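**Student:** Sequence below, structure please.
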Amino acid sequence: AKQKLLTEAVDFLMSQESEEMEAFARNDIEQFCAILLEVKTKSEKWEYKDNRFSLHMVVESIIDPDILGKRISSFEQDEELKKKVAKDQDQLKILENNYVALEKQLASANEEKVVPLRKERQIIFSEIEQIEKIQYEISSKTKLVSENISTGMTIEELITIAGQPRSTATCEKPDFLNYGDIWVWINNGIVVGKIPVDKWSGPCYRYAPANKGASSDNTTKALENEDTIEKLNYSIVLKTGQTIKTSSYYKVDDVIYYKKYGGIIGIEEEKVETIKEIK
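**Tutor:** Have a look, this model is predicted:
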């Protein structure tokens, strides 16, 4: 039932006039929808007939093409996750085909073969459940963190609510914990921000946290209202040798915020060698 719903969802998405969707092949959309779509079971009914059980299910999923397209685009940029998703989906299809084949064998099997076939079917079913559990964990962790985690929480409170992260990243002092398609920014054991995967540029470069305080809010407004946004006025030289060009920058506490990729990125002042005006 879930596979049929996934097929219908992909058909629907590909029928929409969306720039995000046009960039992907059907196979790519199928793979990422398997993780990103939240599928709910509305009803289920078990039946036993001809020496086998049948399960009739009604499932549903609410789809926003624009939001889903952006999330697929952000996942597409993560090569490691992309490979894992492809591998899981290939394995899932093989297991589902094997499961269907066993069901057909059970329908005509004699009593001597029924027991081992049922055992094999249960093993395959367990493996399918494990893959679906991983896919569900990614989408559910994202929703859980998005709705329940806020700045000011301790890392202990974060883990109590959301569980252990799927992965971590570090840039000297700050730590970043991944929950699906959200990175949680931790500094000195406290949550200071949440970064969507499509805004993630690595642990040393990230968007300014929305709830840092009044001074940070003023910085955000000042940068967003900058008249010279298209003109590169400053060159920020990092101690690593990297040079960042931006239209404007502001310093709040020990963090320098600058415009890039249509958003605001913050980097610690201690990582900056010098800032030069471009003439």
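**Student:** Let me see the mean pLDDT of the helix or strand hosting residue 8.
**Tutor:** Per DSSP states H and E: residue 8 is located in helix 2-15. Helix 2-15 shows a mean pLDDT of 79.
**Student:** Over to stretch 146-161?
**Tutor:** Average pLDDT, stretch 146-161: 82.
**Student:** can you check stretch 256-268 too?
**Tutor:** Taken as a whole, stretch 256-268 has an average pLDDT of 66.
**Student:** cool, and stretch 61-78?
**Tutor:** When pLDDT is averaged over stretch 61-78, the result is 66.
**Student:** name the helices or strands packed onto the helix holding residue 8?
**Tutor:** The elements that helix 2-15 packs onto, with contact taken as 3 or more CB pairs under 8 Å, 6 or more residues apart in numbering; DSSP states H and E, are helix 26-36, strand 52-60, helix 65-76. Where you see a C-beta, it was placed from the backbone N, CA and C, and this is true even at glycine.
**Student:** burial of residue 29, as a residue count?
**Tutor:** Residue neighbour count, defined by other CB atoms under 10 Å, stands at 22 for residue 29.
**Student:** Nearest residue to it in space, ignoring adjacent ones along the chain?
**Tutor:** Once flanking residues are discounted, residue 29 sits nearest to residue 10: 5.3 Å by CB to CB, 6 or more residues apart in numbering.
**Student:** where exactly do the strands run in the stretch 151-279 of the chain?
**Tutor:** According to DSSP state E, counting those that start in this stretch, the stretch 151-279 of the chain carries its strands in the segments 167-170, 175-179, 182-187, 190-196, 206-207, 234-238, 243-246, 249-252, 255-260, 263-268, 272-277.
**Student:** and the direction of the second one versus that of strand 182-187, what angle?
**Tutor:** Pointing back at strand 175-179 there. Between the axis of strand 175-179 and that of strand 182-187 there is an angle of 160 degrees, by axes from the mean of the first three to the mean of the last three CA atoms, to 10 degrees.
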